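can't give you the sequence, but here's the structure:
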């Protein structure tokens, strides 16, 4: 676990296109796995970013690997059908590491995996009226628990896109 890290400004160009992360940054910190493979550029404690198909996306990590989190998708339909969207209010855009339940290890502060699907809001961003939300249980096929929000809300979203990350070899460290 990273504690008390002092951040130094890092150039976004330190990480490459198409989901690549290059450990050759001249400023800032790069998070690498046990074999030296770059995971991403450190944004803040337990959060890295990397460029995926031209879009900067941040996602959680820890010493033990990529941190898997719950995935909530928004829909403009009442039954969680049609285009799936993700919240696009964060900068850099915030992605979620999603893995099949049981494909990883539970440690004291969460569930970690060596690889997984990075699900993120892909540009262009748009405003929609959210009429249903899906608590995702599986990406292929897309399934989960669909519900209507207590109140209809307008949200800035991007179409939900996926990118496979890893495999990485924990433990992770700063370089």
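Now that the structure is in, tell me what you want to look at. Keep in mind that what you see is a predicted model, and the values were worked out from it rather than measured. Residues are numbered from 1 along each chain as shown.

pLDDT below threshold where in this protein?
1-27, 100-111 (pLDDT under 70).

same thing but 50
1-17, 22-26 (pLDDT under 50).

Spatially central residue for it, please.
Residue closest to the average C-alpha location in the chain (Cα atoms, centre = their mean): residue 95, at 2.6 Å.

residue ranges of the helices in this structure, please?
For the chain, no helices are identified by DSSP state H.

ok, the strand ranked longest in it: who's next to it in the sheet?
Ranked by residue count, the top strand of the chain under DSSP state E comes out as strand 116-130. Using DSSP bridges, the strands paired with strand 116-130 in its sheet are strand 96-98 (antiparallel), strand 153-165 (antiparallel).

quick revisit: what is the burial count for the closest residue to the residue nearest to the centre of the chain other than its chain neighbours?
Distances taken as Cβ to Cβ, 6 or more residues apart in numbering place residue 120 nearest to residue 95, at 3.5 Å, with adjacent residues excluded. Where you see a C-beta, it was placed from the backbone N, CA and C, and this is true even at glycine. Neighbourhood size, residue 120 [other Cβ atoms under 10 Å]: 25.

Check the one 5 residues further on too.
Taking other Cβ under 10 Å as the criterion, the count of residues near residue 125 is 14.

Which residues are in contact with the closest residue to it other than its chain neighbours?
Residue nearest to residue 125 in three dimensions, not counting chain neighbours: residue 88, with 4.6 Å by Cβ to Cβ, 6+ apart. By Cβ atoms under 8 Å, 6 or more residues apart in numbering, the contact set of residue 88 is 121, 125, 156, 157, 158.

Please, a PyMOL command that selects the buried ones among the residues you listed?
Entered in PyMOL, the line below selects the buried ones among these, by 16 or more other Cβ atoms under 10 Å:
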select buried, resi 121+157+158
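
Closest one of the contacts of residue 88 to residue 31?
residue 121 (22.0 Å; Cβ to Cβ).

so the closest one makes contact with residue 96?
No: under the criterion of Cβ atoms under 8 Å, residue 121 makes no contact with residue 96, lying 10.1 Å away.

Tell me the residues that contact both of those two, please.
Shared contacts of residue 121 and residue 96, counting by Cβ under 8 Å, 6+ apart, come down to residue 86.

Residue 156 versus the residue lying closest to residue 143 once chain neighbours are set aside, what's the distance?
Once flanking residues are discounted, residue 143 sits nearest to residue 137: 5.7 Å by Cβ to Cβ, 6+ apart. Distance, residue 137 to residue 156, using Cβ to Cβ, to the nearest Å: 25 Å.

got a list of what the residue lying closest to residue 75 once chain neighbours are set aside touches?
Nearest residue to residue 75, sequence neighbours excluded (Cβ to Cβ, 6+ apart): residue 132, at 4.6 Å. Contacts for residue 132 were tallied using Cβ under 8 Å, 6+ apart; they are 74, 75, 77, 78, 79, 80, 146, 147, 148, 149.
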